[in-house]
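[1] sequence and predicted structure below; questions after.
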Amino acid sequence: MAEAKHCCVVSCKKSSELGKKAILHPFPQDLSRRKSWVQAIIRSCSSAKQLRLVESTENAFVCSAHFLPEQEGSETAVPSVFRILRPLPRKRRKKKGLEVKKSGKVTLLEKPEPSGSRENPGDSQSGIGDLVLAAELMELVSETVQHVQREARSQRALGHDHGAYAIPEDPATLRRMVRQLKGAAGRQAEQLSALQKTLSEKSEEFRKLTVKLEGEKWTLSVDLGQRISQLEAENTNLRFERVALEKKVQQQQELLDSSGSTVLYLSRQLRERASGARESLFSLENLKADGKQLRFYTGFSSYERFTAFLDFVMGDPALCAARLRGGSSEAVVAAGPQTTLSREDQLFLVLIRLRLGLLLQDLAYRFRVSESTVSRLWLSWTELIHARLMQMPIMYSPKYVDAFHPKRAVLHQGVPLVLLECTDLHFEVPSRDRSKQDPGQPCRNSYTRRAYAIAGPSGFMAFATDMAFGEGARAGPGAVPEAEEEEEEGEEEGSGTSQRLSLPVFLCVEPAFLTPEQQQVRKQVLSVRSLVDKVLKFRILRSINPQSMEAQLDRAWSICCYLACLLHEPMGLL
C-alpha cells in the first residue's frame, strides 16, 4: 500500500489518506520558487517546533487550500493562505505553599504550624497532594520557559521578515517603532523623488539626443541622395563619352586600316632616302675603309690607329665628363645640349680642322650640323685632347737641343727651361687697330706669336706659345717692341715669368717619375727641326687666324706637336 502524503503546513491536517483526500502540490524544482515557498510557510509557523517541520522539502507537499483561487494552475503561484495558531499564554497561579521563580524553578514554602497542633492522618494525605500539584506546576513552568526561549530563537532566525514580527503591547515601544517606520518611509520617499527627477532628466536628455539623431540622419540622407544623384549623372555622362570615344576610335581604326598601304609605301621610300643620305653623308663611317682618304683628313694611316687614339683621349672619365657633351655612343655623357654626332665623328671633325684648317661654316655644312655645334665641339675637344696629351712624356736628345738655334734659357717657377723658337703663328690685325698705324710705315694686316718647344732639365719636352709666358705679340718679322725686348732680357737674366703655363711634373723634377701608363705611351724626339717640319703639315698653323683664336692656336700648336710625335716614331734626324 502506498504511503500517505501529508500537507507540510503545520496548521493543516489534510492528507491523501482515505476520507481526507485533497489536492497536494509538490515543491517546485526551481530553486528561487522553492525558496519563496519555504519563506511563506516559515512565516506561518508560530514556534520552533513548527519551524522544524518544514525544514526538509525533499518529499514535502502543500495542499490547494493554501493558494488563492486565481493562482490555481499558475507556475508562479506561491502559498499565501495560512491559519496561524499561537499558544495562549497561561496565567501564573500561585498556590498555597508554592513559589514560582523567573528561572522556572519551584520551591515549597513551609507553613508555620500553629502551636499545639498535632499531626493526624488526614493532614499527611493533604501534604502528598500538595507535592503532586507542585510537581505538575514545575513541569508546566519548565515547558513555558522552553517555549519562550524557542520563540526568541525563532524571531532571531527570521531576521528582517516583517511578517513574523509581533506587534508589541507596550505603547512607547509601538510609538518608537512607528516613528522609525515613518522616518524610513520618508527617506525612501526622498530617494524615490531623487530617482524620479534623475529619470526625468535622463528622459529629457534622451529625447533631445533622439531628436538630434533624427535630424542628423535626415541631413545625411538628403546629402547622400544628392551625392547619389550627382554620381548617377556623372556616370551617365561618362557612358555617353565612352560611347563617343569608342565610335571615334573605330573611325580612326578604319582610317588607319584604309591608309595602311600608303603608310607602308611612304615608310619604304623614307628608309631608302635615309639610306642614301647616310651613304652620301660626310662621316668617318663612309671613309674608314679608305686608308688614303683617312690619312689625308686625320693623319692616321688606318682606322685602328684612329680608334686607339680615341681610346687614349677618352681614358680619363672625369676629364671627359667635365668637357664633353652629347654623343649617345659613349658611356660618359655630361649635362648640357646634346649632338647627333657620335664620339668618332666629333674627333674626326676636330682632326679635319687641324689638318686642313677648314672654317666652321664649311665643317657645319659637311657634317649637317649647326655652326654653333661645330664651335662647341672644337673648343671642348681641343681642351680635352690638350689635357690628355700633356700627360704623355716626350723625350729629347741633348745633342740636337744644343745644336738647335735660335733658343734661349728662362726660369719658370724656379725650374730652368730652354725655349726652342720653332715657328711663328700669324693672326689678323683687327680693323680698328689698322687705322691707328703710323702713316710712314707700311700697312701690316697681321702680327705673329712665337711657338716654342720647351726642353726641361729632366730630359723631357713640352710645347707652348709665347702666350703661356705672358709675352706680347710681335708686329712683324724681326720687329719686337722695346717693352718685350726688356722682358726677354729680364728672362735671360733669370727673372720670373708669367704663371699661366702649367708644366707636367715629369718635366720639372729630376729625376723624373713616370706612371705605368706614361711609361707605355712615352715617345722620343731625335730632331727638333724634323719635328717642326711634320707639325707644319697641319694647315691650321699656317693660316692667318682671327685675333680671338690666340688661345685656341696655343692649344692647337701643342696638339699638333704631340700628334706629329705619335704619327712618326722616332721623330727623324736632321
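    Yes, it's here.
[2] give the pairing partners of the longest strand seen in the chain; include direction for each.
    Longest strand in the chain by number of residues (criterion: DSSP state E): strand 415-428. Strand pairing for strand 415-428, determined by DSSP bridges: strand 407-412 (antiparallel), strand 446-455 (antiparallel), strand 544-545 (parallel).
[3] wait, which of those strands is closest to residue 212?
    strand 544-545 (93.2 Å; Cβ to Cβ). C-beta here means a position set from N, CA and C on the backbone, and glycine is covered the same way.
[4] got a list of contacts for the closest one?
    425-428, 445-446, 552-553 (Cβ atoms under 8 Å, 6 or more residues apart in numbering).
[5] now do the strands in this protein.
    Under DSSP E, the chain gives strands at 24-26, 61-63, 98-100, 106-108, 394-396, 407-412, 415-428, 446-455, 460-465, 523-525, 544-545.
[6] so which of the ones you listed is the most surrounded?
    Between those, strand 460-465 has the highest mean count of neighbours, a mean of 25, where neighbours are mean count of other Cβ atoms under 10 Å.
[7] helices or strands up against that one?
    With contacts taken as 3 or more Cβ pairs under 8 Å, 6 or more residues apart in numbering; DSSP states H and E, strand 460-465 sits against strand 394-396, strand 446-455, helix 505-508, helix 550-567.
[8] now residue 358, what are its backbone angles?
    Dihedral pair for residue 358: phi -70, psi 150, per degrees, to the nearest 10.
[9] rewinding a little: out of the strands paired with strand 415-428, which gets nearest to residue 464?
    Across those, closest to residue 464 is strand 446-455 (Cβ to Cβ), at 5.8 Å.
[10] of the strands paired with strand 415-428, which is nearest residue 8?
    Here strand 407-412 is closest among the strands paired with strand 415-428 (Cβ to Cβ), at 138.8 Å.
[11] using CSV, list the CA coordinates for that closest one.
    In CSV, the C-alpha atoms belonging to strand 407-412 read as follows (Å, rounded to 0.1, in the frame of the first residue of the first chain):
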residue,chain,number,x,y,z
LYS,A,407,116.9,79.3,-78.4
ARG,A,408,117.0,81.0,-75.0
ALA,A,409,117.0,80.0,-71.4
VAL,A,410,114.3,81.1,-68.9
LEU,A,411,113.5,80.4,-65.3
HIS,A,412,109.8,79.3,-64.9
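[12] what is the neighbour count of residue 3?
    The number of residues packed near residue 3 is 7, by other Cβ atoms under 10 Å.
[13] state the pLDDT value of it.
    With respect to pLDDT, residue 3 has a value of 73.
[14] could you do residue 326 as well?
    52.
[15] next: residue 160.
    Taking residue 160 on its own, its pLDDT is 42.
[16] and the longest strand of the chain with strand 460-465, angle?
    30 degrees (axes from the mean of the first three to the mean of the last three Cα atoms, to 10 degrees).
[17] quick one: average confidence on strand 415-428?
    91.
[18] offset the numbering so it begins at 45, please.
    Got it, the first residue is 45 from now on, which makes the last one we talked about strand 459-472.
[19] closest to residue 71 among the contacts of strand 588-589?
    Of those, the one sitting nearest to residue 71 (Cβ to Cβ) turns out to be residue 596, at 126.8 Å.
[20] phi first, then psi, for the residue lying closest to residue 553 once chain neighbours are set aside.
    What sits nearest to residue 553 in space, not counting adjacent residues and going by Cβ to Cβ, 6 or more residues apart in numbering, is residue 502, at 6.1 Å. Main-chain dihedrals, residue 502, degrees, to the nearest 10: phi -90, psi 0.
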